[in-house]
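Student: coords please:
(4 chains)
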There are 2 protein chains.
Amino acid sequence: MNTDQPIFRALADPTRRDILLMLRDTDMTITQVASNFDMTRAAVKKHLTVLSDGGLITVRANGREKYNALNPNAFTPIRDWLSFFDAFWDDRLSTLKTLIEKDST
Amino acid sequence: MNTDQPIFRALADPTRRDILLMLRDTDMTITQVASNFDMTRAAVKKHLTVLSDGGLITVRANGREKYNALNPNAFTPIRDWLSFFDAFWDDRLSTLKTLIEKDST
DNA sequence: CTCACGTGATACTGATTGGTATCACTTTAT
DNA sequence: ATAAAGTGATACCAATCAGTATCACGTGAG
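Tutor: Predicted coordinates:
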């Protein structure tokens, strides 16, 4: 799929992966997230936008604050993509198995 | 883990993901891979280097040719990283469950 | 109302990245 | 031996990206 690009891109940056781990424990506002990094709030905001574009987080407004939360379905596309290779391993193993069995007759 | 960076970076490019899908079916030389893309062999070589750095492929020399093959253990780090969030979902669900049960008493 | 707080958005800079062009090296075939 | 095929490596260019600085906008408290 070409629609996977935003999520793979979102996961490519270590800062963004750290943010996801933070949101694992609790939802956070931009300022709260930024307080955990040695970087400007604007920079963090950019990362959050990329994460949102990748569907990894959702944003919920609460007054003048905005809470960022992990999206429960976030990693489904990644798992689906990975599973595309599982079938392959099975194929190769079954091919190997066939060869071995053929050899043992 | 910070050691995950090479593999996440390797998967961030759509061309590289396509290469992995190609290698899913059969091992290929650089020239063979390059013939499937509208880009120079040198560019493909760069992608293969990144994939190799990420531990996603292995390279085997055969005379003057070099065969690139998918690494069977390639995706383990990714799966491990993803599983780090599974525990979290369970926690949140059990918290929710506890709240519901407490509410129903 | 007024002012501080939390956020959004833009322009700009330095670093990284994808890609090309080019040359050098090794191996196979004639 | 000589040439062609397959690959490695470097320098270079254009585009993208991470981060900063700065200003504008809406919200809540005094």
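Student: so what's the residue lying closest to A:Gly54 once chain neighbours are set aside up against?
Tutor: Excluding its sequence neighbours, the residue lying closest to A:Gly54 (C-beta to C-beta, 6 or more residues apart in numbering or on different chains) is A:Ala10, at 3.1 Å. Backbone N, C-alpha and C define where each C-beta goes, glycine included. Applying C-beta atoms under 8 Å, 6 or more residues apart in numbering or on different chains, we find A:Ala10 in contact with A:16, A:50-51, A:53-54, A:56.
Student: what about the residue of chain A found nearest DNA strand D, how many neighbours?
Tutor: Nearest to DNA strand D, among the residues of chain A, is A:Gly63, at 2.7 Å (C-beta to the nearest atom of the strand). For A:Gly63, the neighbour count with other C-beta atoms under 10 Å in any protein chain shown is 5.
Student: what does A:Ala42 give?
Tutor: For A:Ala42, the count of nearby residues is 9 (other C-beta under 10 Å).
Student: Could you do A:Ser35 as well?
Tutor: The number of residues packed near A:Ser35 is 11, by other C-beta under 10 Å.
Student: Could you do A:Arg79 as well?
Tutor: 12.
Student: likewise the one 3 residues further on?
Tutor: Applying the criterion other C-beta under 10 Å, we find 16 residues in the vicinity of A:Leu82.
Student: A:Pro14 now?
Tutor: The tally of other residues near A:Pro14 (other C-beta under 10 Å) stands at 14.
Student: ok, how many other residues are close to the nearest residue to it once chain neighbours are set aside?
Tutor: Among residues not flanking A:Pro14 along the chain, B:Gln5 sits closest, at 5.8 Å (C-beta to C-beta, 6+ apart). By the measure other C-beta under 10 Å, the count of residues near B:Gln5 is 15.
Student: again, but for the one 3 residues further on
Tutor: The burial metric for B:Phe8, expressed as a neighbour count using other C-beta under 10 Å, is 19.
Student: close to DNA strand D, is whatever helix or strand it lives in?
Tutor: B:Phe8 belongs to helix B:5-11 when assigned by DSSP states H and E. No - contact of helix B:5-11 with DNA strand D (C-beta under 7 Å from any atom of the strand) is absent, the minimum separation being 10.4 Å.
Student: could I get that helix in PDB with only the CA atoms?
Tutor: The C-alpha trace of helix B:5-11 is given here as PDB (Å, rounded to 0.1, in the frame of the first residue of the first chain):
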ATOM      1  CA  GLN B   5      16.900   3.500  14.600                       C
ATOM      2  CA  PRO B   6      18.500   1.800  11.600                       C
ATOM      3  CA  ILE B   7      15.700  -0.600  11.000                       C
ATOM      4  CA  PHE B   8      13.000   2.100  11.400                       C
ATOM      5  CA  ARG B   9      14.900   4.300   9.100                       C
ATOM      6  CA  ALA B  10      15.300   1.500   6.500                       C
ATOM      7  CA  LEU B  11      11.500   0.900   6.500                       C
END
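Student: tell me the mean pLDDT over it?
Tutor: Helix B:5-11 shows a mean pLDDT of 97.
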